[in-house]
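Participant: would you be able to build a 3D model of this:
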Amino acid sequence: MQASTTDTRLQHPRSVERLVQGQATSDGAGVKLVRLLTQDLQRRLDPFLMLDAFATDNPGDYIGGFPDHPHRGFETVTVMLEGRMRHRDSAGNEGLLAPGSVQWMTAGRGVIHSEMPEQQDGRMEGFQLWLNLPARDKLCAPAYRDISPDQIPTLTQPGVSVRVIAGSSHGVAGAVQRDGTEPLLLDIRLEPGARFEQPLPAAHNGFVHVYRGELSVGDTLVRQRRMAILAQHAGSDGVRLQAGTDGARALLVAGRPLGEPIAQYGPFVMNSDAEIFQAVEDFRAGRLA
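Facilitator: Next comes the predicted model:
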C-alpha cells in the first residue's frame, strides 16, 4: 500500500542532544549484535527500553539464534531487513520473519518464546526494539502479530520512501497503533540529498538510527551505525532529516513517555522490585503463558 504526499515545512525542528555509537555484545545463544539503546538510557527515552541492531554475513554470528526465553511486562518489535527467523511461543503462536517483515509481540503477563534462524548461510540483518507497557497493561494477555511487507503502508515523496510501521506520517496510518505509548516507527529510505520532515509532539521522546549512508538531523551529521537522541525543546514541532551524497536509510522512533517507575531484571520489565520478584517466581513455577 502506497500513498504520495507533499512535504510539510516545520517551523521549529528538533536538534540532536547527543550521538550514541552503541555497544557490541551478544545475546541468545551467542548472536552478535550492537546494543544502541542501553539500560542507562531507558528513562531518557521512555517508553523505549532497548534497541539492538544485528547485521552480519557470517553464519557463526547468528546460527545459534535465540532459544526459549521468557518475557513479561513489555512489547518486542522485530524488524527484519535480510534473512529468515522462525518464531514459536508458549501461547501457541508460530511465524516466519522474512526480509522486509515485522514481528510485534506483546509479552504482557508472560510468554516464553524462541527465535531461530531458518538459514545456514547468507546475510542476516535487522533490529529489535523493546517498547514498555503502561502499568495498567503489564499483565494483559500475550499477543502476537506477523506483519508482512505488503501489510506495511508506504509513504512516498520526491526522493523519499517511508515504511510506516507504527503511528502515522503525513496522513498515512501505520500497520500498528497503540494508545498508551503512541509509538512512531518509520523505516526511511532517502535518495542522495533528499530531505524528509516528520511532525512530532514536543513532549514525545525520540531518536534516529542511521543504518545506511549518513544524514543530517538539523545541523548535526549522523554517520552510519550511529543513533541520534533528539533534543526536547518547548514548542518544537518535529524533526528534519537530509541525506548525504550517497543517500541514507534510517529508523525514526518516537513515543509518548509513560513517566512510570522502571524495574528491570533481564527479560522482565515491571514497575517495582516486588513485581520483578513475582515475575521470577512465576517463571520458576511454570506459571508464565
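Participant: output the lowest mean pLDDT helix or strand found in the chain.
Facilitator: strand 2-4 (a mean of 53; mean pLDDT, DSSP states H and E).
Participant: as a whole number, average confidence for the following helix or strand past that strand?
Facilitator: Next helix or strand after strand 2-4 toward the C-terminus (DSSP states H and E): strand 16-20. For strand 16-20, mean pLDDT is 98.
Participant: what does stretch 274-289 give?
Facilitator: The average pLDDT for stretch 274-289 rounds to 93.
Participant: restrict it to CA atoms and write it as PDB.
Facilitator: Backbone C-alpha positions of stretch 274-289 (Å, rounded to 0.1, in the frame of the first residue of the first chain) are rendered in PDB as follows:
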ATOM      1  CA  ALA A 274       8.200  -6.700  44.200                       C
ATOM      2  CA  GLU A 275       6.700  -7.200  40.800                       C
ATOM      3  CA  ILE A 276      10.100  -8.400  39.500                       C
ATOM      4  CA  PHE A 277      10.400 -10.900  42.300                       C
ATOM      5  CA  GLN A 278       6.900 -12.200  41.400                       C
ATOM      6  CA  ALA A 279       7.800 -12.500  37.700                       C
ATOM      7  CA  VAL A 280      10.900 -14.600  38.600                       C
ATOM      8  CA  GLU A 281       8.800 -16.800  40.900                       C
ATOM      9  CA  ASP A 282       6.100 -17.200  38.300                       C
ATOM     10  CA  PHE A 283       8.700 -18.200  35.700                       C
ATOM     11  CA  ARG A 284      10.400 -20.700  38.000                       C
ATOM     12  CA  ALA A 285       7.000 -22.200  39.000                       C
ATOM     13  CA  GLY A 286       5.900 -22.600  35.300                       C
ATOM     14  CA  ARG A 287       3.200 -20.000  35.600                       C
ATOM     15  CA  LEU A 288       4.100 -17.900  32.500                       C
ATOM     16  CA  ALA A 289       1.800 -18.400  29.500                       C
END
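Participant: how about that stretch: buried residues?
Facilitator: Going by neighbour count (16 or more other Cβ atoms under 10 Å), the buried part of stretch 274-289 is Glu275, Ile276, Gln278, Ala279, Asp282, Phe283, Leu288, Ala289. Quick note: C-beta positions are derived from backbone N, CA and C, even for glycine.
Participant: tell me which residues are up against it.
Facilitator: Contacts with stretch 274-289, where a contact means Cβ atoms under 8 Å, 6 or more residues apart in numbering, come from 70, 72-73, 90-91, 108-112, 138, 141-142, 263-265, 268, 270.
Participant: show me how far that stretch is from its chain's centre.
Facilitator: The chain centre lies 26 Å from the centre of stretch 274-289; the measure is Cα atoms, centre = their mean, to the nearest Å.
Participant: got a quick PyMOL command for the buried subset of the contacts of stretch 274-289?
Facilitator: To isolate the buried ones among the contacts of stretch 274-289 in PyMOL, judged by 16+ other Cβ under 10 Å, type:
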select buried, resi 70+72+73+90+91+108+109+110+111+112+138+142+263+264+268+270
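Participant: now do the same end-to-end measure for stretch 85-105.
Facilitator: 14 Å (Cα to Cα, to the nearest Å).
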